[in-house]
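*Asks:* Here is a sequence with its predicted model. Questions after.
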Amino acid sequence: MEKKYRPNVAVIVLGTEYPQKQDVFIAQRSDLDDIWQFPQGGIDDGESAEEALFRELEEEIGTCDVRIIAEYPDWISYDFPAHIAKKMTPFTGQRQRYYLVQLNEGATINIETEIPEFSDHKFVDFSELSKYIAHFKRPVYEKVLAYFKEEGYF
């Protein structure tokens, strides 16, 4: 069977005190037990990855009041675990574009959006992120975070 990947954007959101404080936003999915992740979502037909970034932030965390700091240079893919793939037909995984952004001063996060995707959220220090990464996203998150660290952002 040929794999089909959903075009997707993922956003690593840094707090307003960055770079002095290296806090990264993560949110707990409301539909999966104890799965924490970065905001992310599909790229609509005719939409650029950057347009999807701002739309998804508004839909998922109630604000798009951010500035883009950096972008991962390549698309990166992962496969869904079987129990998630059933819900995501016809896709077997996601092909993602990752962005590193910082909340602007005064920006307010509100996960109680029109269609809430998250049940909880917090900022964690960059060094603590690995404790929260879902097993099936771990290789992608580690690769992307290592890149941003090598580039001097952390």
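*Replies:* Sure thing, it's come through.
*Asks:* what pLDDT, on average, does stretch 82-102 get?
*Replies:* Averaged over stretch 82-102, pLDDT sits at 91.
*Asks:* Also stretch 107-115?
*Replies:* Here the average pLDDT along stretch 107-115 is 94.
*Asks:* buried stuff in it?
*Replies:* With burial defined by 16 or more other C-beta atoms under 10 Å, the residues of stretch 107-115 counted as buried are Ala107, Ile109, Ile111. C-beta coordinates here come from the backbone N, C-alpha and C atoms, glycine included.
*Asks:* Show the end-to-end separation of that stretch, please.
*Replies:* Terminal residues of stretch 107-115 are spaced 20 Å apart (C-alpha to C-alpha, to the nearest Å).
*Asks:* starting at the chain centroid, how far to it?
*Replies:* What separates the centre of stretch 107-115 from the centre of its chain is 15 Å, taken as C-alpha atoms, centre = their mean, to the nearest Å.
*Asks:* Please identify the helix or strand for the nearest residue to Phe91 once chain neighbours are set aside.
*Replies:* In space, and not counting its chain neighbours, Phe91 is closest to Arg6: 4.2 Å by C-beta to C-beta, 6 or more residues apart in numbering. Applying DSSP states H and E as the criterion places Arg6 in strand 5-14.
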